[in-house]
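Trainee: any chance you can model this:
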Amino acid sequence: MGYAKVRSVGLIGLEGHAVTVEAHVASGLPALIISGLPDASLNESRDRVRAALVNSDEDWPQKRITVNLLPADLPKRGSGFDLGLAVVILGAAGQLPLARLRGAALVGELGLDGQIRPVRGVLPMVLAAVSAGIRRMIVPAGNLAEARLVPGMTVLAAATLREVVEFIRAGVALPDPPTPEIADEPEGPDLADVFGQQRGRFALELAAAGRHNLAYFGPPGAGKTMLAQRLPSILPPLGDADALAVTAVHSIAGALPAAARLIRRPPFQAPHHTASAAALVGGGSGLARPGSLSLAHAGVLFLDESPHFSSVALNALRQPLEDGWVTLSRSQGTTRYPARIQLVLAANPCPCGAGKDASCSCSPLARRTYLNRLSGPLMDRIDLRVTLSPVGAADLLGDAGPQESSAEVLKRIIAAREAAAQRWSGRGFEVNAAAPGAVLRGPPFRLASAVTVDLVQRLDRGTLSARGYDRVLRIAWSIVDVSGRSSPTRDDVNEALELRTGVAG
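Mentor: Sure, this is the predicted structure:
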């Protein structure tokens, strides 16, 4: 009889947990029993691990093998425990001394031939291992670049089970695979490509400065999609915390390339209007996977042709827009993914797209029904609403002169963000869109009654909600930051009101 244990790491959503893989080999009918709340893919590892060991010239113990995954009340899922299972079984059978693995963790999926294949979510696994005091990890060679993004961890990589066994048994150094060449990120679309639409450009700049949600309305070809696609190009690069979170979500989704590096550019997600609610916010059987909402964390979620999305999918965005998190409950547990996004909607004025033009064939009822697909509670969370007119010939042909590039606008955005961060310093937030209403309406930031008189009238008449009141104030502060001034005027508040409602105050 023999007993052995090794360390590994499991994931529940984005949260990693250190897991102890222990094995007991005893006399009895040959069998492999796995306990500790394994899922179907983990139960299937019996045959994968056995074939991998045999094809790596190791003997499979013809005894009763019991494997337990601690803590036993924590759900375990995925194939990342394969490597730990193979090593601990050899250790418990007395075929492999495990002293070299003291303080180390193992992660990897095994092929039947003994190859160690990459797994999803290695970055959050390594982060969890560091938090648990583990300082060495053996990961698949295909995950090496991703694993080494985390400081404070010595990462070793292996391509085969044979290499790992020889390292543990005889101290044969694991080969350091060549680092994949990291290509420069392709340049995204530039604002210089957008002709005219000064109002739309101004709203885009305010959205970038204050992290406001934005909606564009207008006929086809007015530039709604072009403007939305260029929002990431005027957003500041992600800081360390956001870059780690965004990269971790993309790792779990399997969206990182082999030459992984921290994602510093704000992500941009533009799902098709046929996307289901599960594809948008996350879902799937067992423990839910991240959807477009979480893949856009710290970046932009763009819904083109937004009235054509299902009402279920659109309304599922309401709570994450407020909380910055999406919580998904399934039969096997609850997962939570970050979802602090800027939402950009685009919509035609009516089903045919012509709007009030003489060629429009839509009835007034059809127009109302079309735009009413965007529910009131969802639109109440949209700060900026801009109607774009068709681009004129002078703008399209460049007669109005060159347009500002994204690089030029980004300089103003960075200065505006710095001004906002200094204003809200010490209050737990950095951008205007995150400022609580109580702070905006209290000293020292409460605006004089002469400045907000028109806004108060709209509130008293019931044409503006309390949430809308606060959002207008946030937009006014963003206008001030972009223009380089210190405090909003009555004109700033009225302009913010017009941008919020689409109607002049």
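Trainee: quick check, Asp470 in a helix?
Mentor: Yes: Asp470 sits within a helix when classified using DSSP: H, G, I helix; E, B strand; the rest coil.
Trainee: that one contacts Gly442, doesn't it?
Mentor: No: Asp470 lies out of contact with Gly442 (CB atoms under 8 Å); the separation is 11.7 Å. No exception for glycine: its C-beta is placed from N, CA and C like everyone else's.
Trainee: show me which of the two is the more surrounded one.
Mentor: Using other CB atoms under 10 Å, the more surrounded residue of Asp470 and Gly442 is Asp470, with 17 against 10.
Trainee: so who does that one touch?
Mentor: Neighbouring residues of Asp470 by CB atoms under 8 Å, 6 or more residues apart in numbering: 437, 440-441.
Trainee: can we see that at 10 Å?
Mentor: 435-441 (CB atoms under 10 Å, 6 or more residues apart in numbering).
Trainee: any idea how far Ser359 is from the closest residue in space to Leu295 that isn't next to it in sequence?
Mentor: Using CB to CB, 6 or more residues apart in numbering and skipping the chain neighbours, the partner closest in space to Leu295 is Gln269 (5.2 Å). Separation of Gln269 from Ser359 (CB to CB, to the nearest Å) stands at 34 Å.
Trainee: could you do Arg136 as well?
Mentor: For Arg136 relative to Ser359 (CB to CB), the value is 69 Å.
Trainee: neighbour count winner among those two?
Mentor: Taking other CB under 10 Å, Arg136 and Ser359 do not tie; Arg136 has more neighbours (17 against 8).
Trainee: and the more buried one, what does it touch?
Mentor: Counted by CB under 10 Å, 6+ apart, Arg136 has contacts 7, 100-106, 129, 153-156.
Trainee: ignoring the adjacent residues along the chain, who's closest to it?
Mentor: Ala104 (3.9 Å).
Trainee: re the thing from before, any common contacting residues for Asp470 and Gly442?
Mentor: By CB under 10 Å, 6+ apart, the residues touching both Asp470 and Gly442 are Pro436.
Trainee: ok, Gln403 - how many residues close by?
Mentor: 19.
Trainee: any idea how far it is from His24?
Mentor: 70 Å.
Trainee: so where do the helices sit in the stretch 251-400 of the chain?
Mentor: Ranges of helices in the stretch 251-400 of the chain, per DSSP state H, counting those that start in this stretch, are 277-281, 292-295, 311-315, 318-323, 364-371, 376-379, 393-396.
Trainee: now stretch 92-100: mean pLDDT?
Mentor: For stretch 92-100, the mean per-residue pLDDT is 94.
Trainee: any regions of the stretch 151-300 of the chain where pLDDT drops low?
Mentor: Counting by pLDDT under 70, the low-confidence segments of the stretch 151-300 of the chain come to 179-186, 258-259, 285-287.
Trainee: and this protein, what are its domain boundaries?
Mentor: 2-170, 182-389, 405-414+422-505 (automatic domain parsing).
Trainee: Asp176 is nearest to which of these?
Mentor: Nearest to Asp176 among these is domain 2-170 (7.1 Å), distances taken as CB to CB.
Trainee: starting at the chain centroid, how far to that closest one?
Mentor: Computed by CA atoms, centre = their mean, to the nearest Å, the chain-centroid distance of domain 2-170 equals 28 Å.
Trainee: in stretch 40-48, what's buried?
Mentor: Neighbour-count burial for stretch 40-48, counted by 16 or more other CB atoms under 10 Å, picks out 41-42, 45-46, 48.
Trainee: can you tell me which of those is closest to Ala277?
Mentor: Ser41 (25.1 Å).
Trainee: and the closest one, how far from Ala147?
Mentor: Look at Ser41 and Ala147: by CB to CB, they are 21 Å apart.
Trainee: could you pull out the helices for the stretch 101-250 of the chain?
Mentor: 122-131, 144-147, 161-170, 198-210, 224-229, 240-252.
Trainee: before we move on, the earlier item: same list (the domains of the chain) but as CSV, adding distance to Asp176.
Mentor: Listed next are those as CSV, based on distance: least, CB to CB, whole Å:
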stretch, distance to Asp176
domain 2-170, 7
domain 182-389, 15
domain 405-414+422-505, 38
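Trainee: ok so, going back, burial count for the residue nearest to Arg136?
Mentor: 18.
Trainee: isn't it right up against Leu174?
Mentor: No: using CB atoms under 10 Å, Ala104 makes no contact with Leu174, being 11.5 Å away.
Trainee: what sits in contact with each of these two?
Mentor: With CB under 10 Å, 6+ apart, Ala104 and Leu174 have common neighbours 138, 156.
Trainee: what about Thr334, neighbour count?
Mentor: When neighbours are counted by other CB under 10 Å, Thr334 comes out with 12.
Trainee: okay but the residue nearest to Leu295 is in contact with Leu301, surely?
Mentor: Yes: contact criterion CB under 10 Å: Gln269 and Leu301 qualify, at 5.2 Å.
Trainee: looking at these two, which is more packed in?
Mentor: Ranked by neighbour count (other CB under 10 Å), Gln269 and Leu301 place Leu301 first, with 27 against 18.
Trainee: pLDDT at the more buried one, what is it?
Mentor: Taking Leu301 on its own, its pLDDT is 97.
Trainee: near the closest residue to it other than its chain neighbours, how many other residues are there?
Mentor: In this structure, Leu301 finds its nearest non-sequential neighbour in Ile341, 4.7 Å apart by CB to CB, 6+ apart. By other CB under 10 Å, 27 other residues sit near Ile341.
Trainee: what's the spacing between Ile341 and Val87?
Mentor: 41 Å.
Trainee: now swap in Met153 and tell me
Mentor: For Met153 relative to Val87 (CB to CB), the value is 19 Å.
Trainee: more neighbours: which of the two?
Mentor: The residue with more neighbours, out of Met153 and Val87, is Val87; 26 against 18, by other CB under 10 Å.
Trainee: check for me that that one belongs to a helix.
Mentor: Yes: counting by three-state DSSP, Val87 is part of a helix.
Trainee: what's the helix or strand for the residue lying closest to it once chain neighbours are set aside?
Mentor: Nearest non-adjacent residue to Val87, counting by CB to CB, 6+ apart: Val6, 5.6 Å away. Following DSSP states H and E, one finds Val6 within strand 2-12.
Trainee: in PDB, list the C-alpha atoms belonging to that strand.
Mentor: Extracted C-alpha coordinates of strand 2-12, given in PDB (Å, rounded to 0.1, in the frame of the first residue of the first chain):
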ATOM      1  CA  GLY A   2       1.200   3.600  -0.700                       C
ATOM      2  CA  TYR A   3       0.100   7.200  -0.400                       C
ATOM      3  CA  ALA A   4       1.200  10.400  -2.100                       C
ATOM      4  CA  LYS A   5       0.000  13.900  -2.800                       C
ATOM      5  CA  VAL A   6       0.900  16.700  -5.200                       C
ATOM      6  CA  ARG A   7      -0.500  20.300  -5.700                       C
ATOM      7  CA  SER A   8      -2.600  21.600  -8.600                       C
ATOM      8  CA  VAL A   9      -4.900  24.500  -9.300                       C
ATOM      9  CA  GLY A  10      -8.600  24.500 -10.200                       C
ATOM     10  CA  LEU A  11     -10.900  27.300 -11.500                       C
ATOM     11  CA  ILE A  12     -14.400  28.300 -10.600                       C
END
